[in-house]
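> Predicted coordinates and the sequence they were generated for:
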Amino acid sequence: MISNKISEWYYLYNKDIYHFLVYYIGSSDVEDLVQEVFIRAIKGYDTFQQKSSPKTWLFSIARHVGMDEMRKRKRVRMMQKLLFWEEQTEKETPEIILQENENNQLLYQAIQSLKANYRDVIILRGIKELSVSETASILHWNENKVRITYHRALKTLQKAKEDFLYER
Amino acid sequence: MKDNEIFHDLERNIRSLPEPDYDKTFTKDTQNRIHENLLQFASSYEKKKKRVTIMKRISLGLVSVAALVVFAILTIPINEDRPSSSDPNEQTPTDETIVDHEKEVIDQNKDTEILYENTEYGFTFNLPKSWGEYQIVSDSWEGTSEQNNTMEHGPIISIRHPQWSEEKPRQDIPILIFTLTQWSSLEKGEFHIGAAPVGPTLLGQNNEYVFALPARYNFAFLEGYEEVETILANQPLQPNEER
């Protein structure tokens, strides 16, 4: 029963989840995280409420997996700095995915510099093009908060982009 | 440029950020490998979940049984203690003793399955089973006046225990039979039976006769007198009213 459902959802949403995690983490090496998202979905299948959409439920899990991974990577970087280890560089960063398009790279850097809730709403609403109600469901916000935060995030992003441009 | 236009441009730019090249970074093989891993995990997770559910049910069952045993251990001794807690020697004449006595009477009644019927004078007499082959002995009584003149006489019907013998006599159940007039005279003291200062005890009466137990009938304390006392305590004589 669980296997069938998870199998169906996996083939429907695995690329969406992968896409989201690449921009959320800032790395293309997120296959394990995609697997982790669906493993958590299997474990929490009983808590899934049929009235909500599996897509938003899976995105919500993916966001938590992403946050955990960011914390983990932050800890590793701290350890590396403390022990004077050489920092491991990503095999393939989103910068490469961005096909060396300078404008896109600038925009990506600006997004990464935003505070967490602005980044969440920009990735979900902007990059993944989810609706206001879907975004509200994933972030557990009301729709009005999504609209306001998205508007503020765009404003901040524009400023950040200009700052990065000025720095160059 | 107006703010809205700037934001629309920015939104367009954001939406134009490229998707990853799935054929390179997230190939079909990788997707299938993850899918297989997920199916394996789901299968083992479901089995584990079933095991946990069964274990939970077993634990719940064991806890219920344990609770039942504890409950039984706690309650049964309390119930058993009740009768033994009171020493029969310390019993005061309470309702319980009355009930016990009543039970004894009822038990005695259960044992009285023999019915002696006297059609001549019109009465029946309940006897215990052990009196099965009883004998009826007929005799007579004599009533004397104050001047010692024989004034009245009548029959005595004695029910005799089957184990009665000349060598070892047992207590009889003697029944004095009076006419209504004789009984009235006896009660008025116009005559008396024997030397006893008290008169016979009334057992019952019908339209023609009065049945009574002689005073001090058991003065000799023959074997079985206690049994006769118990029989008489249960009002064994029933007069036939239809006479």
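Nice, I can see it. Remember, predicted model here, so these are calculated numbers, not experimental data.
> Where do the domain boundaries of chain A fall?
As assigned by automatic domain parsing, chain A contains the domains A:1-94, A:98-168.
> anything in the shortest one near chain B?
Yes - for domain A:98-168, a contact with chain B is found by Cβ under 8 Å from any Cβ of the partner chain, at A:98-99, A:101, A:103-104, A:107-108, A:111, A:122, A:126-127, A:129, A:151, A:154-155, A:157-158, A:161. (C-beta placed from N, C-alpha, C; glycine too.)
> Up against chain A, what does chain B have?
Residues of chain B lying near chain A by Cβ under 8 Å from any Cβ: B:6-7, B:10-11, B:13-22, B:25-26, B:30-31, B:34-35, B:37-39, B:41-43, B:45-46.
> Show me where the chain dips below the pLDDT cut-off.
No chain specified, so I'll use chain A. Of all residues in chain A, those with pLDDT under 70 make up the ranges A:85-100, A:168.
> Switch to chain B, please.
Scanning chain B for pLDDT under 70 picks out B:1-3, B:77-112, B:196, B:242-243.
> quick one, strands of it?
For chain B, applying DSSP state E gives strands covering B:114-118, B:123-127, B:135-144, B:150-160, B:173-179, B:201-205, B:209-213, B:237-239.
> any chance of those strands in a markdown table, with mean neighbour count and distance to A:R71 too?
As requested, the strands of chain B are exported to a markdown table (neighbours: other Cβ atoms under 10 Å in any protein chain shown; distance: least, Cβ to Cβ, whole Å):
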| stretch | mean neighbour count | distance to A:R71 |
| --- | --- | --- |
| strand B:114-118 | 15 | 100 |
| strand B:123-127 | 20 | 99 |
| strand B:135-144 | 13 | 112 |
| strand B:150-160 | 17 | 108 |
| strand B:173-179 | 22 | 106 |
| strand B:201-205 | 17 | 106 |
| strand B:209-213 | 23 | 108 |
| strand B:237-239 | 19 | 102 |
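> and of those, who's closest to A:Q50?
When the strands of chain B are compared by Cβ to Cβ, strand B:123-127 sits nearest A:Q50, at 80.8 Å.
> Can you tell me which residue of chain A sits closest to chain B?
In chain A, the residue that lies nearest chain B is A:G126 (3.7 Å; Cβ to the nearest Cβ).
> Now do the SS call for that residue.
helix (DSSP: H, G, I helix; E, B strand; the rest coil).
> Surely it touches B:R15?
Yes - in terms of Cβ atoms under 8 Å, A:G126 counts as a neighbour of B:R15; the distance is 6.4 Å.
> Those two: which has the busier surroundings?
Higher neighbour count among A:G126 and B:R15: A:G126, with 23 against 12, using other Cβ atoms under 10 Å in any protein chain shown.
> Pull the contacting residues for the residue of chain A closest to chain B.
Contact analysis of A:G126 by Cβ atoms under 8 Å, 6 or more residues apart in numbering or on different chains lists A:Y150, A:L154, B:E11, B:I14, B:R15.
> Likewise for B:P162?
Counting by Cβ under 8 Å, 6+ apart, B:P162 has contacts B:S130, B:W131, B:G132, B:E133, B:Y134, B:Q135.
> Can you select the buried ones from these in ChimeraX?
Of the contacts of B:P162, the buried ones go into a single ChimeraX selection, burial set by 16 or more other Cβ atoms under 10 Å in any protein chain shown:
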select /B:131,134
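> Restrict the residues of domain A:98-168 next to chain B to the buried ones and give me that as a ChimeraX selection.
The following ChimeraX line selects those of the residues of domain A:98-168 next to chain B that are buried, judged by 16+ other Cβ under 10 Å:
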select /A:98,104,107,108,111,122,126,127,154,157,158,161
